[in-house]
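Participant: I would like to see how this sequence folds:
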Amino acid sequence: MREAAFVKQNKEKWIAFEKALDRSASLSSDQLADSYIQLTNDLAYAQTYYRDSKTLEYLNSLASQAHQKIYRNRKERKNRLLGFWLEEFPLFFRQYQPTLGVAFLIFAVAMAIGSLSALNDSSFVRLILGDSYVNTTLENIANGDPTAIYKSGGKLGTFLGITIHNIRVAIIAYALGVITSLGTAYILFSNGVMVGAFITFFYSQGVFLEANKQIWLHGSFEISVIIVAGCAGLIMGNSILFPGTYSRRISFMRGAKDGMKVLVSTLPFFVVAGFIEGFITRYSEMPTALALLIIFLCFSIVIFYYIIYPRILYRIHERKSLPPL
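Facilitator: Presented below is the predicted three-dimensional model:
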């Protein structure tokens, strides 16, 4: 059977089951279990004939949600938070990795534009970062400490202030998805331009390595998860633009819910980034090798959690879902 015919034949059943999961309190466990058995049969068929297809990915995601609904017990409820971070969210997020790629592309292009603009127009940095910041940083560079601005203020106050600020930016990036993906794209783009100009400013002053080894201690987490928050906003925005088989209202509700899950996943990273900026970045005398190691580890953690780990979990779950021979 062709994949299109297979989808057409079963689409209404899958959508009905998916909606039933969202209101599972009105269904008995037997009803859910019966529907789950039918779903796993369809999943096994898709694994045999439509490998690496969107249909297989959708069915595997739906089967994963159903499994969690049916087999959750009291002990699992107690470990619900841990289960969210270690299994539920990574499996869920795999379907949105292409959207994360789009968010990254928007940010990267904006960074390049900000960098080129700063290289070709010295006044551009002042326009983006403000005269006060630029003048203060120029004084710090002249005094031999380009990142001295990170030493001002108390450690705890800096930690709380930066963490709250970054979470606020992430919430805005998500919330602007309500006016379609263009709102979130604007936030990603404007922040990308700012980061590009910011980095290039230190390059133009001849302190690129010295400044960036400190800035990216917290920036590795901070910038990475702002892009992830942008992904959350794009998910909600795309649900309005591309409702698919759902009504636009239902699609929006699903997109908002899925985007919120992605946004929530960023919170621990913002807390760690704020801690690093408040308590670690201020130590400009840190050996370069140590600073680069921390930066590498931070980027690696983000890449592993949002890109590599979901794929590993998906393959493990896919193998478990195969029917016995």
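Participant: tell me the contacts of residue 94?
Facilitator: Counting by Cβ atoms under 8 Å, 6 or more residues apart in numbering, residue 94 touches 57, 61, 310-311, 313-314. Every C-beta, even on glycine, is put in place using the N, C-alpha and C of the backbone.
Participant: for these, give me TSV that also has pLDDT.
Facilitator: Conversion of the contacts of residue 94 to TSV gives the following (pLDDT from 0 to 100):
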residue	pLDDT
57	82
61	81
310	94
311	93
313	90
314	86
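Participant: from those, list just the buried residues.
Facilitator: Among the contacts of residue 94, those classed as buried by 16 or more other Cβ atoms under 10 Å are 57, 61, 310, 313-314.
Participant: ok, so of these, who is nearest residue 275?
Facilitator: residue 310 (25.4 Å; Cβ to Cβ).
Participant: that closest one: which element?
Facilitator: helix 309-321 (DSSP states H and E).
Participant: packing partners for that helix?
Facilitator: helix 29-49, helix 54-71, helix 89-93 (3 or more Cβ pairs under 8 Å, 6 or more residues apart in numbering; DSSP states H and E).
Participant: in the buried ones among the contacts of residue 94, find the pair that's most separated.
Facilitator: 57 and 313 (13.1 Å).
Participant: show me the shaky parts of the stretch 101-250 of the chain.
Facilitator: Within the stretch 101-250 of the chain, no range satisfies pLDDT under 70.
Participant: so where do the helices sit in it?
Facilitator: 122-129, 131-142, 155-175, 181-204, 208-241, 248-279 (DSSP state H, counting those that start in this stretch).
Participant: please export the C-alpha coordinates of whatever helix or strand comes next after the last one as PDB.
Facilitator: What that stands for is helix 248-279. Note on helix 248-279: by DSSP H and E, the next helix or strand toward the C-terminus is helix 288-303. The C-alpha coordinates for helix 288-303 follow below in PDB (Å, rounded to 0.1, in the frame of the first residue of the first chain):
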ATOM      1  CA  THR A 288      42.500  30.600  28.800                       C
ATOM      2  CA  ALA A 289      42.600  26.800  28.600                       C
ATOM      3  CA  LEU A 290      40.200  26.500  31.500                       C
ATOM      4  CA  ALA A 291      37.800  29.100  30.100                       C
ATOM      5  CA  LEU A 292      37.700  27.400  26.700                       C
ATOM      6  CA  LEU A 293      37.100  24.000  28.300                       C
ATOM      7  CA  ILE A 294      34.100  25.400  30.200                       C
ATOM      8  CA  ILE A 295      32.700  27.000  27.000                       C
ATOM      9  CA  PHE A 296      33.200  23.800  25.100                       C
ATOM     10  CA  LEU A 297      31.400  21.800  27.700                       C
ATOM     11  CA  CYS A 298      28.500  24.200  27.900                       C
ATOM     12  CA  PHE A 299      28.000  24.100  24.100                       C
ATOM     13  CA  SER A 300      28.300  20.300  24.100                       C
ATOM     14  CA  ILE A 301      25.600  20.000  26.800                       C
ATOM     15  CA  VAL A 302      23.200  22.000  24.800                       C
ATOM     16  CA  ILE A 303      23.900  20.200  21.500                       C
END
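Participant: contacts for helix 288-303?
Facilitator: Residues contacting helix 288-303 (Cβ under 8 Å, 6+ apart): 209, 213-214, 216-217, 220-221, 224-225, 228, 269, 276, 280.
Participant: deepest in the core, which of the helices and strands packed on helix 309-321 is it.
Facilitator: Mean neighbour count, computed with mean count of other Cβ atoms under 10 Å, is highest for helix 89-93 among those, reaching a mean of 21.
Participant: which residues touch the closest residue to residue 309 other than its chain neighbours?
Facilitator: Of all residues not flanking residue 309 in the chain, residue 90 sits nearest, at 5.2 Å (Cβ to Cβ, 6 or more residues apart in numbering). Applying Cβ under 8 Å, 6+ apart to residue 90 gives the contacts 305, 309-310, 313.
Participant: ok, so of those, who is nearest residue 97?
Facilitator: Scanning these for proximity to residue 97, where the rule is Cβ to Cβ, the winner is residue 310, at 6.9 Å.
Participant: that closest one and residue 297: what is the separation?
Facilitator: The gap separating residue 310 from residue 297 is 20 Å, by Cβ to Cβ, to the nearest Å.
Participant: over to residue 183?
Facilitator: 33 Å.
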